[in-house]
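A.B. asks: all I have is the shape, not the residue letters:
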Ligand SMILES: Cc1ncc(C[n+]2csc(CCOP(=O)(O)OP(=O)(O)O)c2C)c(N)n1
Ligand code: SF4
Ligand SMILES: [Mg+2]
């Protein structure tokens, strides 16, 4: 926990070599969700206890083996927040100093577990909650969730989702927790500095981590990192932090790529016409114009 | 020095948790359980009890918190009722599957819809397959005693199963009775601090808890069943020790069956007090009647029931519960255990008054293999 204290990561070689999620598990090839956990644990280190909500990552330990070298507990899908709350008090009673890392999917976070997450946030429990976000109920076959972006095909939105994704970071900001961020494992330095900050703040930290999923999104497993980069470079997934009610964009793409580059690379958007994509481009442009006007940072007013 | 106080069943449950030095108390309010958590909250605030009071956002979260804190090796306690217990269902199975010695008091209350505030046993009995030990109390003293004994039983390495202690809403939860409150020192000797060897969430000893299994699933379930079998003897041992210490005797069943009893009713919970009064009354009139109170529902005390009732000619079972399409839940189990017919009475649902006359009526109507609703 102390290795990187007060030191920002600057380059890839600053990332600790030691792994606490090791090979031999059954996540798909090219899975960014397992990569996200592996990276986060490198920074959080051995004094970390992971609480997992049911989803793809629940299949990491398969009896009698485990790829995890830190304690890990899975209870159910909707209670990562509640388990974190109890674990925080339990560790305090046991005098055990450890990071509590909640690692749950977007369905477990935005949908079924939002009540429990809200309870932990309201109490400002000192835990790091990373929502690995593959924008669907992945493990059950990629069904629609409230985190699924508009227009995306899922197995339960065969003609594309009608509604836009819920704005989870803002919901968390309304709980006035000290640290909120979005991230993507394709930008490991940005992500891990956020994890570091999350570990350092006193109270709850929430990171919404976009984790491209080759199976659910329909792309070649070799392209996982690229898809994440495209999500960010097209401006469709914004990297930012929220501290003390202030939003700060942490990465501004120098020359934004066209959203079509990101969308056309994935089967889940293959039904979109050029016009549909044009409309989405206009939306993204408008958002970024507004951000630019505000100097890529602004007060939320909550 | 032990003290005697006039306290409610809810107060007795809270005292049980306090004397057991439960350290984490996640909770969510529901009538008629609220008195328990309010009492504990006041003790924690005044410094009389050293515990963390965690007001959770739902009963599902309460059971999740119990499981998480227990996994980290802390002694935990909570209480609920009715709808709250239903919301815990998913996590009830997780808790028993992880073999965590959680103690939960259920203040029984009939299930919605329609809404009732009053007691029956359907809420508790819905959970009978959840792998929890289940004890039904008949008075407030028994509530306190059962909570303390509960930790000894649940934490026994041959058992390691959670336990639900049931007390009837209002009839016990809100009624004051004299209750002997043992000395803290005495309880500390009886119940040492919880020291788990099984599940530990500590970076010094990394383990993965609650993961996926394939073919081994059935093996884990069979282990759980064995633990439940083991608990039968452990309950008896712990009760014997308790009796030595306090003079109060408990077991898996409580027979009130004089040698000559030819007819008997089986019951559980606080209604047994009125049934007992009825038995005394009828016996004064020369009727050869008796009764058997089931204290443990899980493990189901089949041998003890056979021992108690083998010489009784006519048996009736009173269920304050109903499994529509099957019948009285306890009657079904007693029948299967005895291998003979019993008369099944469905009574007291949603706290509907039974009373002496109706118990008398039931004794008259034994000897028929039917299900009869006593309104
Ligand atoms: C109460 C409950 N309902 C449904 C499920 C089935 N289920 C298991 S994993 C999962 C998907 C979770 O989605 P997400 O949190 O996004 O994680 P992912 O599978 O995408 O990794 C679902 C719905 C469950 N385990 N528990
Ligand atoms: S389905 Fe997607 S998120 Fe799930 S393990 Fe495979 S790649 Fe990872
Ligand atoms: Mg998902």
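C.D. replies: Thanks, I have the structure now. The structure displayed is predicted, hence computed values, not measured ones. Ligands and ions are numbered 1, 2, ... in the order given.
A.B. asks: test my guess that residue B:309 contacts residue B:264.
C.D. replies: Yes: Residue B:309 is within contact range of residue B:264, at 6.3 Å (criterion: CB atoms under 8 Å). For every residue, glycine as well, the C-beta is placed using N, CA and C.
A.B. asks: now residue 163. Nearest residue, chain neighbours left out?
C.D. replies: Unless you meant another one, I'm taking chain A. Leaving aside its chain neighbours, residue A:163 sits nearest to residue A:150 (6.5 Å; criterion: CB to CB, 6 or more residues apart in numbering or on different chains).
A.B. asks: meant chain B, my bad for not saying
C.D. replies: That would be residue B:133: by CB to CB, 6+ apart, it lies 4.1 Å from residue B:163.
A.B. asks: residues touching the one you found, list them.
C.D. replies: Residues in contact with residue B:133 (CB atoms under 8 Å, 6 or more residues apart in numbering or on different chains) are B:150, B:153-154, B:159, B:161-164, B:228, B:231, B:235, B:296, B:298-299.
A.B. asks: does stretch A:107-125 reach ligand 1?
C.D. replies: Yes: Stretch A:107-125 reaches ligand 1 (CB under 6 Å from any ligand atom) through A:107-108.
A.B. asks: the top helix by length along chain B - contacts with which helices or strands?
C.D. replies: Scanning chain B for the helix with the most residues, using DSSP state H, yields helix B:217-246. When contacts are defined as 3 or more CB pairs under 8 Å, 6 or more residues apart in numbering or on different chains; DSSP states H and E, helix B:217-246 packs onto helix B:89-97, strand B:133-136, helix B:140-154, helix B:184-190.
A.B. asks: okay, these in JSON lines with distance to residue A:25 next?
C.D. replies: Supplementary listing: the helices and strands packed on helix B:217-246 in JSON lines, determined by distance: least, CB to CB, whole Å:
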{"stretch": "helix B:89-97", "distance to residue A:25": "22"}
{"stretch": "strand B:133-136", "distance to residue A:25": "36"}
{"stretch": "helix B:140-154", "distance to residue A:25": "34"}
{"stretch": "helix B:184-190", "distance to residue A:25": "45"}
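A.B. asks: for residue B:197, find the nearest of the ones you listed.
C.D. replies: Nearest to residue B:197 among the helices and strands packed on helix B:217-246 is helix B:140-154 (14.4 Å), distances taken as CB to CB.
A.B. asks: that older thread, which residues are common contacts for residue B:309 and residue B:264?
C.D. replies: Overlap of the contact sets of residue B:309 and residue B:264 (by CB under 8 Å, 6+ apart) consists of B:257, B:292, B:315.
A.B. asks: so which of those residues is the closest to residue A:203?
C.D. replies: Looking at the shared contacts of residue B:309 and residue B:264 and their distance to residue A:203, the nearest is residue B:292, at 55.5 Å (CB to CB).
A.B. asks: so which strand or helix has the closest one?
C.D. replies: strand B:289-294 (DSSP states H and E).
A.B. asks: who does that strand pair up with?
C.D. replies: Strand B:289-294 sits in its sheet next to strand B:253-256 (antiparallel), strand B:263-267 (parallel), going by DSSP bridges.
A.B. asks: touching chain A at all, stretch B:59-73?
C.D. replies: Yes: on the criterion CB under 8 Å from any CB of the partner chain, stretch B:59-73 is in touch with chain A at B:60-62, B:64-69, B:71-73.
A.B. asks: now the residues you listed as a markdown table including neighbour count, distance to residue A:128 and pLDDT?
C.D. replies: Below are the residues of stretch B:59-73 next to chain A laid out as a markdown table (neighbours: other CB atoms under 10 Å in any protein chain shown; distance: CB to CB, whole Å; pLDDT from 0 to 100):
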| residue | neighbour count | distance to residue A:128 | pLDDT |
| --- | --- | --- | --- |
| B:60 | 23 | 23 | 98 |
| B:61 | 31 | 19 | 98 |
| B:62 | 30 | 23 | 98 |
| B:64 | 31 | 18 | 98 |
| B:65 | 33 | 18 | 98 |
| B:66 | 31 | 23 | 98 |
| B:67 | 31 | 21 | 98 |
| B:68 | 34 | 16 | 98 |
| B:69 | 31 | 19 | 98 |
| B:71 | 29 | 19 | 97 |
| B:72 | 28 | 17 | 97 |
| B:73 | 21 | 22 | 96 |
